[in-house]
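Enquirer: Provide a 3D model corresponding to the input given below.
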Amino acid sequence: MNRSKALFTSLFFCVSLSLMAQDDSLGKEALEKNISKIDVNINNTKEQMKSIGDASYLADLYFVLAEFLVEKAKLMYQLKIAQNPNVPVDDLDFTIEKRPKEEAIGVYETFLEKFPTDSRRDRALFFKAHELRELGRKEDMLQTYRRLSSEFPKSQYWPEVQLNLGDVYFEEKKNFDLALEYYKSLEKVSESEFLPLAYYRMGWCYINKTEFLAAYKSYEKSILVTNDLKAKNIEIKNEIREQALLAMVWPYSEIPIKNIDKVHPATTSTLEHFRKISFGFDSYQKLLKKLANRMELKKRYNDAAEIYIEILAVYTDLEERLSIMSKLYQVLRNNIKDVKRSGLAQYFDALMSELMSSNALSSKDKKKYYLGMEKIVRDYSYENHKAQKKSQQFKENAIEGYQVYVAYFKRTKYSDYIRYNYAGLLFSKGKPFEAAKEYEYLARKKSRKLKRSWKSLLKSSLEAYLSALGKGSLQLLEKTQARDALRTMGALYLKKYPKDSASSSILFNIGQSYYNE
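Expert: Residues are numbered from 1 along each chain as shown. As a prediction, the model looks like this:
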């Protein structure tokens, strides 16, 4: 076998073992067998290194040997865990298992000493630093990274080294200013795949420094840079962009409202702003819930309500939306003036329609959500009804809320009161025909829950039907229905109260209905 073929064989075997070592499902026997095989390759590589005369080939073998040693350490680590299944990993002693890694570090150091002009010295330093980090030798790792950074500023590993240095100073030394310096240095490499991650980590540095506007801007840059790199077909992990998007929520909520124009125009709502930043429907959905919770926590109830309403519009899962409706209404209750917010009735109707026809929910869950929605719709309608004198919109909201209630909650202890209120609002809104039908329903039912007599309900129904017929705006079918109801309800009234002062007038109106017909 010639030397180049021997090298290819060694490298191929190394890669094969690497793939095997990553399989956590290997048993003890398979791991022991693989360790034996890799020991053979380590010994063979060392023997080749003793006899080889070709300097370039010898340099290759140093990397091969180091990689074999690293793989051996991984296999030994897995074997130790497999041999002690009932012992927590943190309680195991891996001193022996670390020795191959220490030997690998020695191999890289020997390579650096023997080959001072080799073009792969940056690679040896990078791999050496990685193994030092694995062994917990942080100061030695930092020294190695700094050496690589200063000696090889054009190395392919330089961006990742800067990122790693920043991580050490951020995570372990809590030196956020120095960490920022390393992260910012990646801006020199505009097309680096590590730049989005650097901006993301910069955001957390600024968070820790309570510089929220700078943090927000860093997360935004992470997203924008990711988009640019993807447009250039540079492979970037999507999770970094999503993490940056979700991380933006915290600093955004901490920026004073008076300074919000430094983030986006003051005329732009929070929701509009984040809708533009999101990069797909899935990311937008994840963002909405976190954003709403944060706005609620900061007592920015108007923003929170707007976002919860958006969730109701874009989410499809029924239980999710029912849960969001409860959160939304609680937000509105915390800011009482917004309880009269218009447009909610359409969501009440949609949710109740789906809930009543759902086969996915258990009867227990359906009852729970039914009772929850009953309270929400009832409170919403009452609050708007009480405020009707302040604005015509409140009256409209109350009518819409009552309409949903009478459609879906017909047998509650509040249903008759709701229907009576609904009828009164309809009549005052200039809809006597619709009001008359509600009064008729209550009169026929002879509700005992209301503080209104049956006589009063009959009268209200008759007056409403007469008003509807007198308007002259009913369609033919509605006229027929109104005349028929007038005669029926009038007959009931005359039978029960034949000597009442209103009886003659009712009798006249019944006769008039036949004449008009």
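
Enquirer: Now residue 449. Nearest residue, chain neighbours left out?
Expert: Once flanking residues are discounted, residue 449 sits nearest to residue 416: 4.6 Å by CB to CB, 6 or more residues apart in numbering. For every residue, glycine as well, the C-beta is placed using N, CA and C.

Enquirer: Now residue 177: which helix or strand?
Expert: helix 176-185 (DSSP states H and E).

Enquirer: Just the mean pLDDT for that helix, thanks.
Expert: Model confidence over helix 176-185, given as mean pLDDT, is 97.

Enquirer: ok, residues contacting that helix?
Expert: With CB atoms under 8 Å, 6 or more residues apart in numbering as the test, helix 176-185 has contacts from 162-163, 165-167, 169-170, 173, 198-199, 201-202, 205-206, 208-209.

Enquirer: And stretch 258-267, by the same measure?
Expert: Counting by CB under 8 Å, 6+ apart, stretch 258-267 makes contact with 213, 216, 252, 255, 273, all of which sit outside it.

Enquirer: In terms of distance to residue 36, which of these ranks first?
Expert: Relative to residue 36, the closest of the contacts of stretch 258-267 is residue 216; by CB to CB it sits at 55.5 Å.

Enquirer: just checking, the closest one touches residue 251?
Expert: Yes: with contact taken as CB atoms under 8 Å, residue 216 and residue 251 are classed as touching, separated by 4.2 Å.

Enquirer: Is residue 287 in a helix, a strand, or coil?
Expert: Secondary structure of residue 287, reduced to three states by DSSP: H, G, I helix; E, B strand; the rest coil: helix.

Enquirer: so what pLDDT did it get?
Expert: 94.

Enquirer: List the contacts of it.
Expert: Applying CB under 8 Å, 6+ apart, we find residue 287 in contact with 245, 246, 249, 274, 278.

Enquirer: Looking at those residues, which two lie furthest apart in space?
Expert: Longest distance between any two of the contacts of residue 287 is 11.8 Å, between 249 and 278; criterion CB to CB.

Enquirer: So for those two, which residue has more residues nearby?
Expert: Just comparing residue 249 and residue 278: by other CB atoms under 10 Å the higher neighbour count belongs to residue 249, 21 against 17.

Enquirer: mind checking the backbone torsions on the more buried one?
Expert: Note on residue 249: backbone dihedrals following degrees, to the nearest 10 are phi -60, psi -40.

Enquirer: dump the residue contacts of it.
Expert: Contacts were defined as CB under 8 Å, 6+ apart; by that measure residue 249 touches 287, 290, 291, 294.

Enquirer: Quick check: the gap between the residue most central in space within the chain and residue 246.
Expert: For the chain, the residue nearest the mean C-alpha position is residue 286 (2.0 Å; CA atoms, centre = their mean). Relative to residue 246, residue 286 is positioned 7 Å away (CB to CB, to the nearest Å).

Enquirer: just residue 372 next, same as before
Expert: Noted for residue 372: a distance of 28 Å to residue 246, by CB to CB.

Enquirer: Going by secondary structure, the nearest residue to residue 414 once chain neighbours are set aside is in what exactly?
Expert: Nearest in space to residue 414, with sequence neighbours left out and distances taken as CB to CB, 6+ apart, is residue 378 at 5.8 Å. Here residue 378 sits within helix 363-386, counting by DSSP H and E.

Enquirer: Tabulate the CA atom coordinates of that helix in PDB.
Expert: Output for helix 363-386, consisting of C-alpha atoms alone and laid out as PDB, is shown next (Å, rounded to 0.1, in the frame of the first residue of the first chain):
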ATOM      1  CA  SER A 363     -67.600  16.700  27.600                       C
ATOM      2  CA  LYS A 364     -65.800  17.800  30.800                       C
ATOM      3  CA  ASP A 365     -63.600  20.200  28.900                       C
ATOM      4  CA  LYS A 366     -66.600  21.500  26.800                       C
ATOM      5  CA  LYS A 367     -68.500  22.300  29.900                       C
ATOM      6  CA  LYS A 368     -65.500  24.100  31.400                       C
ATOM      7  CA  TYR A 369     -65.000  26.300  28.400                       C
ATOM      8  CA  TYR A 370     -68.800  26.800  28.000                       C
ATOM      9  CA  LEU A 371     -69.000  28.200  31.500                       C
ATOM     10  CA  GLY A 372     -66.000  30.300  31.000                       C
ATOM     11  CA  MET A 373     -67.300  31.800  27.800                       C
ATOM     12  CA  GLU A 374     -70.700  32.400  29.400                       C
ATOM     13  CA  LYS A 375     -69.200  34.700  32.100                       C
ATOM     14  CA  ILE A 376     -67.100  36.500  29.500                       C
ATOM     15  CA  VAL A 377     -69.900  37.200  27.100                       C
ATOM     16  CA  ARG A 378     -72.300  38.200  30.000                       C
ATOM     17  CA  ASP A 379     -69.800  40.600  31.600                       C
ATOM     18  CA  TYR A 380     -68.800  42.100  28.200                       C
ATOM     19  CA  SER A 381     -72.500  42.800  27.400                       C
ATOM     20  CA  TYR A 382     -73.400  44.200  30.800                       C
ATOM     21  CA  GLU A 383     -70.400  46.500  30.900                       C
ATOM     22  CA  ASN A 384     -71.200  47.900  27.500                       C
ATOM     23  CA  HIS A 385     -74.900  48.200  28.400                       C
ATOM     24  CA  LYS A 386     -74.000  50.300  31.500                       C
END
